[in-house]
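Participant: fold the following, please.
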Amino acid sequence: MNPVRKVEGRAIPFGRKNVDTDVIIPAEHLKTIARAGLGAHAFESVRREPGNVFEDSAYAGAPILIAGDNFGCGSSREHAAWALADMGVEAVIAPSFSDIFSGNAFKNGIVAVVLDGEAVARLMEVAREHPITVDLDTMTVTTPLQDRFAFAMDPFRRECLMGGLDEIALTLASEAAIQAYELRTGV
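Facilitator: Numbers count the residues shown, from 1 in each chain. Now for the predicted structure:
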């Protein structure tokens, strides 16, 4: 996992509430264990709607997605986080997330930022014309129009994201202690 300290750039002003994992990545694409290529299928049903933000070239390659309440609800599907990452999303800003989605996003290096509805509405407006910055050092979301919104995050998750530490890297960091235990116990 790559370290994430700051995510800067255009943000996709999606804003929909109660977007479930089947909307993020449809079930027919869950047969793969490969992460590459899933981004092309992300939000397929939404992409078929006329005038949707995902087909707007202004947001191509945007590293930030702004969503509505309860983003990532529905079934547990790590593929949803994989699809977002494959389409270049490094941070999602919403008033709330499903716990399972939030965990899957974290495990895949995607920053899930919770802000109140008023802040999200303002960012939706700003995102139509301006870039947004998510900064894990200062725990803020800022815009070039002087907007500044503080957010909270579990300190362990923040440390892992900033250090690029996934579960394997965390285990390997304890390699000496594991080896010492194995020597002591004969395992």
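Participant: just the endpoints, please. Distance across stretch 128-138?
Facilitator: Stretch 128-138 has an end-to-end distance of 24 Å (criterion: Cα to Cα, to the nearest Å).
Participant: typo on my end, it should be stretch 131-143
Facilitator: First residue to last in stretch 131-143 (Cα to Cα) measures 7 Å.
Participant: what mean pLDDT does it get?
Facilitator: The average pLDDT within stretch 131-143 is 98.
Participant: list the buried residues in that stretch.
Facilitator: Using 16 or more other Cβ atoms under 10 Å as the test for burial, stretch 131-143 gives Pro131, Ile132, Thr133, Val134, Asp135, Leu136, Val141, Thr142, Thr143. Quick note: C-beta positions are derived from backbone N, CA and C, even for glycine.
Participant: separation between the third one and Ala173?
Facilitator: This means Thr133. 29 Å (Cβ to Cβ, to the nearest Å).
Participant: possible to save the buried residues of stretch 131-143 as a markdown table with distance to Asp154 and secondary structure?
Facilitator: Shown next, in a markdown table, are the buried residues of stretch 131-143 (distance: Cβ to Cβ, whole Å; DSSP: H, G, I helix; E, B strand; the rest coil):
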| residue | distance to Asp154 | secondary structure |
| --- | --- | --- |
| Pro131 | 26 | coil |
| Ile132 | 22 | strand |
| Thr133 | 21 | strand |
| Val134 | 16 | strand |
| Asp135 | 17 | strand |
| Leu136 | 12 | coil |
| Val141 | 17 | strand |
| Thr142 | 21 | strand |
| Thr143 | 25 | coil |
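Participant: which one of these is nearest Val120?
Facilitator: Nearest to Val120 among the buried residues of stretch 131-143: Val141, at 9.6 Å, using Cβ to Cβ.
Participant: that closest one contacts Leu115, correct?
Facilitator: Yes: if you go by Cβ atoms under 8 Å, Val141 and Leu115 touch, sitting 6.6 Å apart.
Participant: where do the contact lists of these two overlap?
Facilitator: In terms of Cβ atoms under 8 Å, 6 or more residues apart in numbering, Val141 and Leu115 are both contacted by the residues Ile93, Leu123, Phe149, Phe151.
Participant: how about the residue nearest to the spatial centre of the chain, phi and psi?
Facilitator: With distances taken as Cα atoms, centre = their mean, the residue of the chain nearest its centroid is Ile110 (3.4 Å). Main-chain torsions, Ile110, degrees, to the nearest 10: phi -100, psi 130.
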